[in-house]
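Test case, fold it:
(chains A, B, C and D)
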Protein chains: 4
Amino acid sequence: MKRIGVLTSGGDAPGMNAAIRAVARKAMFEGLEVVGIYHGYQGLIDGNMEVLNLGSVGDIIQRGGTKLYSARCPEFRTKEGQQKAIEQLKLNKIDGLVIIGGDGSYRGSMTLTNSGFPCVGIPGTIDNDIPGTDYTLGFDTALNTVIDCIDKIRDTATSHDRTFIIEVMGRDSGDLALWAGLAGGAETIIIPEETYNMEEVIGRLKSGSTRGKKHSIIIVAEGVMSGSEFAAKIKEHADIETRVSVLGHIQRGGSPTGRDRVLASLFGAKAVEVLLAGHGGRAIGIQNHQVVDYDMNEAFEKGEIMDSKMYQLSKELSI
Amino acid sequence: MKRIGVLTSGGDAPGMNAAIRAVARKAMFEGLEVVGIYHGYQGLIDGNMEVLNLGSVGDIIQRGGTKLYSARCPEFRTKEGQQKAIEQLKLNKIDGLVIIGGDGSYRGSMTLTNSGFPCVGIPGTIDNDIPGTDYTLGFDTALNTVIDCIDKIRDTATSHDRTFIIEVMGRDSGDLALWAGLAGGAETIIIPEETYNMEEVIGRLKSGSTRGKKHSIIIVAEGVMSGSEFAAKIKEHADIETRVSVLGHIQRGGSPTGRDRVLASLFGAKAVEVLLAGHGGRAIGIQNHQVVDYDMNEAFEKGEIMDSKMYQLSKELSI
Amino acid sequence: MKRIGVLTSGGDAPGMNAAIRAVARKAMFEGLEVVGIYHGYQGLIDGNMEVLNLGSVGDIIQRGGTKLYSARCPEFRTKEGQQKAIEQLKLNKIDGLVIIGGDGSYRGSMTLTNSGFPCVGIPGTIDNDIPGTDYTLGFDTALNTVIDCIDKIRDTATSHDRTFIIEVMGRDSGDLALWAGLAGGAETIIIPEETYNMEEVIGRLKSGSTRGKKHSIIIVAEGVMSGSEFAAKIKEHADIETRVSVLGHIQRGGSPTGRDRVLASLFGAKAVEVLLAGHGGRAIGIQNHQVVDYDMNEAFEKGEIMDSKMYQLSKELSI
Amino acid sequence: MKRIGVLTSGGDAPGMNAAIRAVARKAMFEGLEVVGIYHGYQGLIDGNMEVLNLGSVGDIIQRGGTKLYSARCPEFRTKEGQQKAIEQLKLNKIDGLVIIGGDGSYRGSMTLTNSGFPCVGIPGTIDNDIPGTDYTLGFDTALNTVIDCIDKIRDTATSHDRTFIIEVMGRDSGDLALWAGLAGGAETIIIPEETYNMEEVIGRLKSGSTRGKKHSIIIVAEGVMSGSEFAAKIKEHADIETRVSVLGHIQRGGSPTGRDRVLASLFGAKAVEVLLAGHGGRAIGIQNHQVVDYDMNEAFEKGEIMDSKMYQLSKELSI
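Numbers count the residues shown, from 1 in each chain, chains lettered A, B, ... in the order given. As a prediction, this is how the structure comes out:
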């Protein structure tokens, strides 16, 4: 292993730049050359890449987004696309790859690993939905962005005795909604992993109002339904007016938090160590407070990873 | 003048608490008693009020929302409602009132002034749309909230080479959109005061893309049309895909900026001085860097207050 | 167990209010009465306390500081003080106590537990220095405050090619310095757990400068020496000018991060469960991603809890 | 005028990058070429400069610090240094210069203007101390940074019933201290423009304490004395313990606020217009809400520019 590549793929997440920096610096520390590949797998196919040096990853640890850009790449799902990628790896003498992205991005890398180019995945997505790691990169930053919005909306909700429905990201995973709802003091949290009972939702709104609460906040993960659909259901069910706020893409941006930067640093360094040890098809993660690597196939198994005790607690604390 | 009341009315704005504090503290400094009236004019009608002391406005200068709550009050637009309000003013021995809110809130106070209860208005709205003052309370904070969102969205827009349409508040006034667009480096700004040319909008998107720009940001004031309507128009016109982000109610919340806290302090103190001088039907504002009071009727005249040089500049700087 | 008390003691930390709320709400959910004790052990001695209800802990989850105030209390270290506290517990029919604070605060509670008033400790300190828990409440918020400062200082350091020494909190524990240094991209981190080598420090400054780095940032934990002492040593050793920034008390304040609010909620609920199960002399913590309770005496054992791999990594990534 | 140069000089200030962008974009819009000169006057002497294009000032409007770097330059105060600078201007065919910095930086430019190279100054300093402009670039951002710190310190001050002394920047000008103190709700503000009375300071501390205030905050501008000197005086005078926090260099950093970015855009565009009109020796500023240019010599006249009404008000509101 003399030269490795690094790319970011799929939806971007805060901390990706910090991970790129960690991969590059750790690799250089170990005497490797590092190539930054632009625009994810598309850049790999197109040979759109550049050798990185110490300075080219300087002053990026604090930046949102990804310096290497990201993209979804349908062409890479074809045999032809994969073949082009492999040829570029050969041409550029790249011996191994670090892929920063979600599980979709991991999948693409399996072909490369199986073709003799070991790949290691770093979980980069705000959704916290990759099996095998307790946290993904970007989740902590997105959590704080959502909480900042909830705090702002609470100001106006309180001033006007209003009920707000806040729609947050999360197609299959309710982690962001659950953590943000618990941390934001939301009265009700609606997530894909748990069925909701509209009677109970209405009951909580009414009992809060009875005891003089000045506002109510309901968090809905987009995977369940949109905020305005939920508002319509409440209106239909109990004739209660609500306001809807869709947080949208601001959740993906922003300077990464301390925790996301530390995770990115640990993940990036571990990925290089795993490649140096000659292993491919591995995913990096944090399990029980330890940075680990594990078989990438485990990341594709859909299991129950939501913490149902936290969900229960969110109900008890918002009485 | 021995005892004055203070209330917040209409949409809430950051800095209202700082203004309440300034009114209360300045009045006490001048030897007056101060009554805080809850929920705007509705609280006045209902006699929902409380005497304030130094401590009751402590630790609020930095808080968003309004400690006195706000509301719209249809009842106050009726003769009966106004009569009830006047009776409460007599009953509670309130000699004058400070109204913190938008021009709709100002209007309500004219009846009271004309009935012998002098009222003074403090401009509190994020829209910056009250004639007679260069700035309204809350505008600066909302500006920074919008900019923070633009900065976050730019991260993800850049990472993915995407065009974003960001819908910001402003029904009749484009100030928030214009300032935020200029400060956020937006390519295009669509505001009620200026007609837009779709050919030009498309032209800017294309020329930016040609010279390698990694993202495009279009700001649309809600008063022109919704973000998704504008996205549909672009799609129809030039088959360009865009993402839409509606910032919504977070724009009304948050801890006020330094400038809004200072304005609130100056406005609140001036309002008390005007009442002490025996004047009613006056609005407080800042004109050419000076805190002033002026005939409240001027605040109802719709004039051209947008800075068209700033609009022109925003085009020149985003080439 | 019918009625429990809660107090905050020692240095304040962000998240204490969220923990108070969680203790109170969880206890009420379980049918207990809750008494808030003001100013730590001093308030217990003085009988300065108040019954809490659902509303009295509303709208505090997002606030820095502690609504119950904190204090150090020398009187409580005396037999007489402890006796007074016990009498107040009897008088107010308090059956158990939740203590939120550092290990000094824990110590005080052992006497009460041993006298038949079971106490449970929640680790609240920004220092992250309590054995038995991977994280203390407030650490994550302080980390982000320090990082925000480093990011700001980096702006000016870069603009002027300067070396900055930033002194952060941490008497016996270097965790805050280490995490913040790693996340802030500091060139050098000086902590109590690791001896430093001045030749190496100077060497890093010089090699960074040689390869064109525009700034250097050195983080010093206050437990090692002050920032200005370290600056003097560098000056003496290599005649290099540095600027010193002492972050000071801002590290203790601010709205808690999402993670600190979630931790506070989990810790508070667990503390109530432990009391309800009839156990005293227990400390709450998070170990390997699980909320646990453990013998409070373990919290007094000074062990090596710093992560030396992270320290090593910080050197590798700042080459 | 075919080609202009732009440089930043003296202490850096947030918004300098936004001003560089505005100068460059406006100049290109007008058909001029633009040269960025690195490290202030030193770079001019050394010929350290580069032609800017649209892209090279992209994505910097939101960044703290200055992309062109800054420096103080003793050599430029000598005849020889100035001669070298003039030769570089000739060599690089630069017809005019925009200088972004404080009044010290303005002074240097007079020689160039007098030698036939018209210079225009943009006021860039957090101190707000340049005669002829109501605001300097960076002041608004620094104000919000200081307020954020005061808010954090208030959390811990309140929790512990403590008095804090906060030292802020400002050698000759108390504007930052005064605005931040008023906006932060400080009890006492000590600035160079106003003598203080220690009896009154102590009196305010005592009366606040008597009426149950949980904290006291005193703001001291560094130009009067250091925070710890002031603490010693209070200790000596009344035996009151205080804590000191020196905010230091974080006040110079950070992403510029909306207002600073708008000011930077307006100032930068105006500077180019003035150069295009063939004028040199002019300073740009904002006076009574209008962007203006004026004789640079007026910027060197030390006059009373502090708002003494605001100082008086700060006392009235903190009773």
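
Give me the contact list for the helix or strand hosting A:Ile4.
A:Ile4 belongs to strand A:3-8 when assigned by DSSP states H and E. Contacts of strand A:3-8 from elsewhere in the structure, counted by C-beta atoms under 8 Å, 6 or more residues apart in numbering or on different chains, are A:16, A:20, A:23-24, A:27, A:32-38, A:40-41, A:43-44, A:49, A:52, A:66, A:68-70, A:89, A:92-101, A:124, A:272, A:275, B:159. All C-beta atoms are positioned from the backbone trio N, CA, C, and that covers glycine.

Of those, keep whichever come out buried.
A:16, A:20, A:23-24, A:27, A:32-38, A:40-41, A:43-44, A:49, A:52, A:66, A:68-70, A:89, A:94-101, A:124, A:272, A:275, B:159 (16 or more other C-beta atoms under 10 Å in any protein chain shown).

First residue to last residue on stretch A:268-286, what's the distance there?
End-to-end distance of stretch A:268-286 (C-alpha to C-alpha, to the nearest Å): 12 Å.

What of stretch A:96-106?
14 Å.

now swap in stretch A:115-132 and tell me
Per C-alpha to C-alpha, stretch A:115-132 runs 24 Å from first to last residue.

quick one: it near chain B?
No. Counting by C-beta under 8 Å from any C-beta of the partner chain, chain B has no neighbours in stretch A:115-132; the shortest distance is 10.2 Å.

Report how many residues lie close to A:Glu286.
Glu isn't right for residue A:286; it's Ile. Residues near A:Ile286, counting by other C-beta atoms under 10 Å in any protein chain shown, number 20.

Same question for A:Val292.
Based on other C-beta under 10 Å, the number of other residues close to A:Val292 is 14.

Surely it is in contact with A:Ala283?
No. In this structure A:Val292 lies outside contact range of A:Ala283 using C-beta atoms under 8 Å: 9.1 Å.

Longest helix in chain A, please.
Longest among the helix segments of chain A by residue count, using DSSP state H, is helix A:139-160.

any idea of the angle that one forms with strand B:3-8?
Comparing the axes of helix A:139-160 and strand B:3-8 via axes from the mean of the first three to the mean of the last three C-alpha atoms, to 10 degrees yields an angle of 130 degrees.

Buried residues, helix A:139-160. List them.
Within helix A:139-160, judged by 16+ other C-beta under 10 Å, the buried ones are A:139-160.

Stretch A:164-176 now?
Using 16+ other C-beta under 10 Å as the test for burial, stretch A:164-176 gives A:164-170, A:173-176.

A:Asp134 and B:Glu194, how far apart?
As judged by C-beta to C-beta, to the nearest Å, A:Asp134 and B:Glu194 stand 51 Å apart.

Does chain C have contacts with whichever helix or strand comes after the longest helix of chain A?
Using DSSP H and E, the helix or strand that follows helix A:139-160 in sequence is strand A:163-168. No. On the criterion C-beta under 8 Å from any C-beta, strand A:163-168 is out of touch with chain C, staying 12.0 Å away.

Mind listing the strands strand A:163-168 pairs with, and their directions?
strand A:216-221 (parallel), strand A:243-246 (parallel) (DSSP bridges).

Report the distance from the strand holding A:Ile4 to the chain centre.
On the basis of C-alpha atoms, centre = their mean, to the nearest Å, strand A:3-8 sits 20 Å off its chain's mean C-alpha point.

Mind listing the strands it pairs with, and their directions?
Here, using DSSP bridges, strand A:3-8 pairs with strand A:33-37 (parallel), strand A:96-101 (parallel).

Convert the C-alpha atoms of the very next helix or strand once past that strand to PDB, please.
Where DSSP H and E defines the elements, the next helix or strand beyond strand A:3-8 is helix A:16-29. The C-alpha atoms that make up helix A:16-29 are tabulated as PDB, following Å, rounded to 0.1, in the frame of the first residue of the first chain:
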ATOM      1  CA  MET A  16     -16.700  15.200   6.000                       C
ATOM      2  CA  ASN A  17     -14.000  17.800   5.600                       C
ATOM      3  CA  ALA A  18     -12.500  16.900   9.000                       C
ATOM      4  CA  ALA A  19     -12.500  13.200   7.900                       C
ATOM      5  CA  ILE A  20     -10.800  14.000   4.600                       C
ATOM      6  CA  ARG A  21      -8.200  15.900   6.600                       C
ATOM      7  CA  ALA A  22      -7.700  13.000   9.000                       C
ATOM      8  CA  VAL A  23      -7.400  10.400   6.300                       C
ATOM      9  CA  ALA A  24      -4.900  12.600   4.400                       C
ATOM     10  CA  ARG A  25      -2.800  13.600   7.400                       C
ATOM     11  CA  LYS A  26      -2.700  10.100   9.000                       C
ATOM     12  CA  ALA A  27      -1.700   8.600   5.600                       C
ATOM     13  CA  MET A  28       1.100  11.100   5.100                       C
ATOM     14  CA  PHE A  29       2.200  10.500   8.700                       C
END
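
now helix A:16-29 against strand A:33-37, angle please.
Using the same axes, to 10 degrees: helix A:16-29 against strand A:33-37 is 160 degrees.

Just list what helix A:16-29 packs against, helices and strands only.
strand A:3-8, strand A:33-37, strand A:96-101, helix A:258-276, helix C:308-317 (3 or more C-beta pairs under 8 Å, 6 or more residues apart in numbering or on different chains; DSSP states H and E).

ok, now with 6 Å
strand A:3-8, strand A:96-101, helix A:258-276, helix C:308-317 (3 or more C-beta pairs under 6 Å, 6 or more residues apart in numbering or on different chains; DSSP states H and E).

ok, the following helix or strand past the longest one: who's next to it in the sheet?
Right, helix A:258-276. Toward the C-terminal end, the helix or strand that comes next after helix A:258-276 (DSSP H and E) is strand A:282-287. Here strand A:282-287 is paired, per DSSP bridges, with strand A:119-123 (parallel), strand A:290-295 (antiparallel).

ok, how many other residues are close to A:Asp182?
Slight slip there: residue A:182 is Leu, not Asp. Neighbours around A:Leu182, by other C-beta under 10 Å: 28.

does it count as helix, strand or coil?
helix (DSSP: H, G, I helix; E, B strand; the rest coil).

any weak-confidence spans in the stretch 201-319 of chain A?
A:303-306 (pLDDT under 70).

got the residues of it near chain C?
Residues of the stretch 201-319 of chain A found near chain C (C-beta under 6 Å from any C-beta of the partner chain) are A:257-258, A:261-262, A:265, A:269, A:288-289, A:313, A:316-317, A:319.

Quick check: the farthest pair among those?
A:Ala269 and A:Ile319 (44.4 Å; C-beta to C-beta).

ok, the two, which is more surrounded?
A:Ala269 (26 against 14).

got the contact list for that one?
Counting by C-beta atoms under 6 Å, 6 or more residues apart in numbering or on different chains, A:Ala269 makes contact with A:22, A:26, C:313.

Distance check, it against chain D.
Per C-beta to the nearest C-beta, to the nearest Å, A:Ala269 is found 28 Å from chain D.

can you check A:Asp95 too?
Counting by C-beta to the nearest C-beta - A:Asp95 and chain D are separated by 33 Å.

just checking, that residue touches A:Met1?
Yes. With contacts counted by C-beta atoms under 6 Å, A:Asp95 reaches A:Met1, the gap being 4.8 Å.

tell me the domain boundaries of chain A?
Domain ranges of chain A: A:3-138+A:256-300, A:139-253, per automatic domain parsing.
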